[in-house]
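Chemist: Requesting a structural model of the entry that follows:
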Amino acid sequence: MQLPMTFLWPQYLWLLLALPLLVVAYVWLLRRKKTRLLRYSSVSLVQQAMGRLHWRRHVPPALFLLALAALLLAASRPMARIALPSDHATIMLAMDVSLSMRAADVKPNRLVAAQEAAKAFLQELPKNVKVGIVTFAGSAQLVQPATLNREDLVAAIDRFQMQMGTAVGSGIVASLSEIFPDEGIDLGEMTFGERRARGKSLDDAAKGDKPARKDVPPVAPGSYASAAIILLTDGRRTTGVDTQEAAQMAANHGVRVYSVGLGTVDGEVPGGEGWAMYLRLDEPSLKAVAAATQGEYFYAGTAESLRVVYQKLSSRMQIDKKETEISSLLALLAAVLATAAAGLSLWWFNRTV
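Modeler: Numbering: from 1, shown residues only. You can find the predicted model right below:
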């Protein structure tokens, strides 16, 4: 649980001011009882009566006071961020297959390391979570629709083919298109704009292969709990949909994007077979994508660190922190405290609080 808590009905918190008054009343009653005892003529009787005022006498009232405090807090309907089982139904893996993924700074090379880490990730996920795979280079395409079949997913990962270009934003859009198939998200139209619209034939429009684009009102970033996107890339966008435009589109749909930067942040890296390339990972852009969508950014400079990143992502897909009302928990605590107060009072003194 993370503090501070928020309250839906904070006006009820004013009732907590009555608790110190109850403490004052309790102390006054004790002193009044002591004064009455002093009227006895026998000092031994006074000492005997004072001896009965054991510390155990104060325990049941203290527990009852705590029970009242918990009830008043429950009445104010507190909200807190607590860890709950995640209800993600679909995870989209959007993976970079640009030619720079041949670089050997991540052993044996970036692409193979990414493939192996993705396969291990699939094994960690709960079996009831669907996974889809999108690859992107000069363009983005769905290579495996969301499915529960892990064998199909592994086969799709093994079929990756590298191409020129790095369309990071297009990878996000293609993932959103799979998550929301009825919204008519058209990656080609977003990429080529009016040129694609003019190029469409009447026959294509009549076929209705793709639903018409729907205007969906934006929701709070990160509020869509049924899907998430894991975006892995080793470079910066060179083509396709603008990365931040795609991130804003994901944010408007409430979908979190967890971005993973792979390889060298900047500088020359070995590419294998005696050649080298100059690469630079666009970390600021990937961090901005994660921030805009309420996701998280991870950097993986080695194959081992990439596996660790995917292990962390697997745990995040299974456990999620959500703002939840905890009134019922406080009410249960109050009931337990009140029952304990009554039980101890009966046990020790054969009376109620």
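
Chemist: where does the stretch 1-150 of the chain have low pLDDT?
Modeler: Along the stretch 1-150 of the chain, segments meeting pLDDT under 70 span 1-4, 33-55, 81-88.

Chemist: Tell me where it has helices.
Modeler: Listed in chain order, the helices of the stretch 1-150 of the chain (DSSP state H, counting those that start in this stretch) span 18-37, 43-52, 59-75, 110-124, 150-158.

Chemist: Ok, which of those comes nearest Tyr258?
Modeler: With Cβ to Cβ as the measure, helix 110-124 is the member of the helices of the stretch 1-150 of the chain nearest Tyr258 (11.3 Å). From N, CA and C alone the C-beta is placed, and that goes for glycine too.

Chemist: Could you identify the helix or strand that succeeds the helix or strand where Thr324 lies?
Modeler: Here Thr324 sits within strand 319-325, counting by DSSP states H and E. Where DSSP H and E defines the elements, the next helix or strand beyond strand 319-325 is helix 327-349.

Chemist: For that following helix, buried residues please.
Modeler: The neighbour-count check on helix 327-349 (16 or more other Cβ atoms under 10 Å) flags Ser327, Leu329, Leu330, Leu333, Ala334, Leu337, Ala338, Ala340, Ala341, Ala342, Ser345 as buried.

Chemist: so the fourth one makes contact with Ala69?
Modeler: To tie it back to what came earlier, the one meant is Leu333. No. Using Cβ atoms under 8 Å as the test, Leu333 is too far from Ala69 to be in contact (9.7 Å).

Chemist: Where does pLDDT dip in the stretch 151-300 of the chain?
Modeler: Scanning the stretch 151-300 of the chain for pLDDT under 70 picks out 193-214, 266-279.

Chemist: can I assume Arg237 sits in a helix?
Modeler: No. Read with DSSP: H, G, I helix; E, B strand; the rest coil, Arg237 is coil and lies in no helix.

Chemist: distance of it from Tyr297?
Modeler: Arg237 sits 16 Å away from Tyr297, going by Cβ to Cβ, to the nearest Å.

Chemist: go on, Arg236?
Modeler: Distance of Arg236 to Tyr297, given as Cβ to Cβ: 14 Å.

Chemist: same question, Val308
Modeler: Going from Val308 to Tyr297 by Cβ to Cβ gives 15 Å.

Chemist: How about Leu73?
Modeler: Separation of Leu73 from Tyr297 (Cβ to Cβ) stands at 37 Å.

Chemist: can you pull the contacts of Thr233?
Modeler: Neighbouring residues of Thr233 by Cβ atoms under 8 Å, 6 or more residues apart in numbering: Asp96, Ser98, Phe136, Thr166, Val168, Gly171, Ser259, Val260, Gly261, Leu262, Leu281, Leu286.

Chemist: do Met164 as well
Modeler: For Met164, the contact set (Cβ under 8 Å, 6+ apart) comprises Ser98, Leu99, Ala137, Gly138.

Chemist: quick revisit: show me which of Val308 and Tyr297 is the more surrounded one.
Modeler: The neighbour comparison of Val308 against Tyr297 (other Cβ atoms under 10 Å) goes to Tyr297, with 19 against 14.

Chemist: Could you check which helix or strand contains the more buried one?
Modeler: Using DSSP H and E, Tyr297 falls within strand 296-300.

Chemist: which residues touch Val289?
Modeler: By Cβ under 8 Å, 6+ apart, the neighbours of Val289 are Ile172, Leu231, Thr243, Gln244, Ala246, Ala247, Ala250, Val257, Ser259, Gly295, Tyr297.

Chemist: Show me which of the residues you listed are buried.
Modeler: Buried subset of the contacts of Val289 (neighbour count, 16+ other Cβ under 10 Å): Ile172, Leu231, Thr243, Ala246, Ala247, Ala250, Val257, Ser259, Gly295, Tyr297.

Chemist: and which of those residues is nearest to Trp9?
Modeler: Of all the buried ones among the contacts of Val289, Gly295 has the smallest distance to Trp9: 32.1 Å, by Cβ to Cβ.

Chemist: what about Gln11, neighbour count?
Modeler: Gln11: 9 neighbours (other Cβ under 10 Å).

Chemist: Oops, could you answer that again for Gly169 instead?
Modeler: 28.

Chemist: before we move on, what about the one 10 residues further on?
Modeler: The number of residues packed around Ile179, counting by other Cβ under 10 Å, is 23.

Chemist: Touching, Ala342 and Pro61? I think so.
Modeler: No. Counting by Cβ under 8 Å, Pro61 is not a contact partner of Ala342; they are 11.3 Å apart.

Chemist: by how many degrees do the helix or strand where Glu304 lies and helix 110-124 diverge?
Modeler: Applying DSSP H and E as the criterion places Glu304 in helix 303-318. If you take axes from the mean of the first three to the mean of the last three Cα atoms, to 10 degrees, helix 303-318 sits at 30 degrees to helix 110-124.

Chemist: Quick one: mean pLDDT for helix 303-318?
Modeler: The average pLDDT for helix 303-318 rounds to 82.

Chemist: For it, which residues meet the burial criterion?
Modeler: Ala303, Ser305, Leu306, Arg307, Val309, Tyr310, Leu313, Ser314, Arg316, Met317.
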